[in-house]
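In: fold the following.
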Amino acid sequence: LDASGLRLRLAAEVPGAVLDDHRRWRAPLVKAASRLRLLGWASILLSGAAVAAMVTLAANAALAANAQVIAGLRLVGARDDYIAQAFIR
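Out: Predicted coordinates for the structure are as follows:
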């Protein structure tokens with residue numbers, strides 16, 4: 001949009017007419033929308049971090065609850081990948 005050219009053409013054809021391209025009103029809305037988008041991304045990242053922390057803590061709790069079983073399996077010679085597969089099953 002060539003606002004200055006349009007203003008000149010409008011002034012030539014309709015004296016006293018005013019062209020309002022809404023830049024003054026649109027700028028704060030665009031700024032607020034960009035901040036809202038940033039807030040959305042921050043909340044998504046925070047939720048992802050919380051999910052990762054919960055999964056990690058749940059895995060640690062499951063392993064801690066079965067520490068004696070894991071120790072017994074290691075005593076009979078089980079490797080870590082076998083123990084991990086047993087817990088996955």
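In: was I right about Asn66 contacting Phe87?
Out: Yes - the criterion here is CB atoms under 8 Å, and Asn66 meets it with Phe87 at 7.4 Å. Just so you know, the C-beta spots here come from the backbone N, C-alpha and C atoms, and that holds for glycine as well.
In: so those two - more neighbours on which side?
Out: Neighbour totals were compared for Asn66 and Phe87, and Asn66 leads with 15 against 12 (other CB atoms under 10 Å).
In: give the rounded mean pLDDT of the top helix by length along the chain.
Out: The helix that spans the most residues within the chain, counting by DSSP state H, is helix 23-65. Over the span of helix 23-65, the pLDDT mean works out to 95.
In: quick check, pLDDT for Tyr82.
Out: On the pLDDT scale, Tyr82 gets 91.
In: and it, what is it in contact with?
Out: Neighbouring residues of Tyr82 by CB atoms under 8 Å, 6 or more residues apart in numbering: Leu73.
In: which parts of the helix or strand that contains it are buried?
Out: Element membership for Tyr82, per DSSP states H and E: helix 80-88. Across helix 80-88, burial judged by 16 or more other CB atoms under 10 Å covers Ile83.
In: so what's the gap between that helix and the chain middle?
Out: 33 Å (CA atoms, centre = their mean, to the nearest Å).
In: I am finished for the moment; much appreciated.
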